[in-house]
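Engineer: mind folding the following:
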Amino acid sequence: MKHTYTVTGMTCNGCRTSVETKLNAIDGVTKASVDLETTEAVIEMNRHVALKEIQNALPEKYTILEKKASNVFNTASTQAEAEKSELKQLFPLFLIFGYIIAASVLLNYKSWDTTGFMLDFMGLFYIVFSFFKLLDLKGFPESFKMYDPLAKAIPAYGWVYPFIELGLGVMFLMRIEILFALIITLVVLGITTIGVTKTLLDKKSIQCACLGTALKLPMTKATFIENSIMIVMAVIMLLSN
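Structural biologist: Down below sits the predicted model:
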């Protein structure tokens with residue numbers, strides 16, 4: 001018997017190897033091969049191995065689901081379930097954005113200043129997002145280079161990126177060298193957005209590293225939108241200057 005599964009939570013070849021090793025160690029599995037790019041696992045077995053048994057053999061960070069052939073009767077329900085699951089996974093991102101917007105409004109509501117709001121929003125954005133990346137500084141670069149072109153070409157960039165975000169956050173909040181910070185924002189987020197766009201167009205299922213590896217977020221249009229908001233704000237402030 002041969003079954004195909006989808007595995008989420010893998011961010012690097014080390015993850016792929018770990019999952020493949022765990023799957024091959026299951027009693028009844030004769031051969032298991034895992035593809036990082038497609039996030040698929042093909043398992044050959046000499047007895048029926050329940051999905052729950054397979055899931056229990058993997059660390060908690062990985063989730064495995066059996067792929068089923070779609071047809072005209074179940075396509076709509078499958079898409080609805082996928083959208084619901086995606087929204088659930090993205091809830092932490094929406095919640096963080098809500099907090100950042102609320103804090104930025106509170107900092108400027110007494111004597112409203114749109115420029116001040118945008119600067120505070122960008123500063124808090126960078127500070128919060130760098131915090132999550134620094135929670136797993138070792139794992140972040142591996143996840144980041146899956147889609148960021150510069151991190152893929154220069155691995156060291158992935159290691160310093162959280163600190164670049166932290167520095168930019170301080171600069172925006174403290175109003176230090178704003179022009180320079182805006183230019184750097186356009187460069188770093190522009191490069192990342194190119195990689196995100198390519199990933200979305202290729203319809204690859206990988207983990208987004210925007211909140212590090214602590215939260216398992218899928219790469220979706222929301223990632224593109226979050227970067228675009230920052231880029232648009234940076235362009236508006238550059239033009240106003």
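
Engineer: from here on, just use CA atoms for contacts and neighbour counts.
Structural biologist: Noted.

Engineer: now do stretch 54-67: everything it contacts.
Structural biologist: Under the contact criterion C-alpha atoms under 8 Å, 6 or more residues apart in numbering, stretch 54-67 has outside partners 3-10, 19, 22-23, 26, 51.

Engineer: can you do 6 Å?
Structural biologist: Residues from elsewhere that reach stretch 54-67 (C-alpha atoms under 6 Å, 6 or more residues apart in numbering): 4, 5, 6, 7, 8, 9.

Engineer: first vs last residue of it, how far apart are they?
Structural biologist: End-to-end distance of stretch 54-67 (C-alpha to C-alpha, to the nearest Å): 14 Å.

Engineer: residue 3 is in contact with residue 45, isn't it?
Structural biologist: No. Counting by C-alpha atoms under 6 Å, residue 3 stays clear of residue 45, with 8.3 Å between them.

Engineer: neighbour count for those two, which is higher?
Structural biologist: Each of residue 3 and residue 45 has its neighbours counted (other C-alpha atoms under 10 Å); residue 45 has more, 17 against 13.

Engineer: list the contacts of that one.
Structural biologist: 1, 28, 29, 30.

Engineer: what sits closest to it if chain neighbours are left out?
Structural biologist: residue 29 (4.2 Å; C-alpha to C-alpha, 6 or more residues apart in numbering).

Engineer: coming back round to it: if any of the contacts of residue 45 are buried, put those into a ChimeraX selection.
Structural biologist: In ChimeraX, this line selects whichever of the contacts of residue 45 come out buried by 16 or more other C-alpha atoms under 10 Å:
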select :29,30
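
Engineer: which of the contacts of residue 45 lies closest to residue 229?
Structural biologist: Taking C-alpha to C-alpha as the measure, residue 29 is the one of the contacts of residue 45 closest to residue 229, at 47.1 Å.
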